[in-house]
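S.K.: Build me a model:
(one chain, ligands or ions: 1)
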Amino acid sequence: MIQFHDFGIDVQTYAERGKENVFPLLKKCPHCRAKRPLHRHGYYERNALTPHGDYRIWIVRYRCGFGACHRPKFVEILVIKR
Ligand SMILES: [Zn+2]
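M.R.: Numbering: from 1, shown residues only. Next up, the predicted model:
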């Protein structure tokens, strides 16, 4: 599942900050609705293609192992360009 989050910065800044971006705290699992904080579970790199240039950005993944998520499910956060 992909969730969108407005980091309040442009893609270039997001790319420069890499894993140092201020990633949101997910207090609830969007899969099973368990109200327990999801833990960050690694990152992966993707290309971000924009009219102003192409960037390599890090996407963070969150993992849930609670409730109905017997097998860990993941939530991924994508940057929204302003
Ligand atoms: Zn869950």
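
S.K.: Close to the ion: what parts of this structure are there?
M.R.: Contacts of the chain with the ion, taken as C-beta under 5 Å from the ion, map to 29, 31-32, 34, 64, 69. Bear in mind the C-beta positions are built from the backbone N, C-alpha and C, glycine included.

S.K.: if we take those, which one ends up nearest to residue 40?
M.R.: residue 64 (11.6 Å; C-beta to C-beta).

S.K.: measure the closest one to residue 5 for me?
M.R.: Computed as C-beta to C-beta, to the nearest Å, the residue 64 to residue 5 distance reads 17 Å.

S.K.: Same drill for these two, tell me which one is more crowded.
M.R.: Neighbour count, other C-beta atoms under 10 Å: between residue 64 and residue 5, residue 64 has more, with 25 against 14.

S.K.: isn't that one right next to residue 29, touching?
M.R.: Yes: contact status for residue 64 versus residue 29: in contact at 4.2 Å, counting by C-beta atoms under 8 Å.

S.K.: Highest neighbour count among the residues of the chain next to the ion?
M.R.: residue 64 (25 neighbours).

S.K.: so what's that residue scoring on pLDDT?
M.R.: For residue 64, the model assigns a pLDDT of 87.

S.K.: Could you report the separation of it from residue 57?
M.R.: For residue 64, the distance to residue 57 - C-beta to C-beta - is 23 Å.
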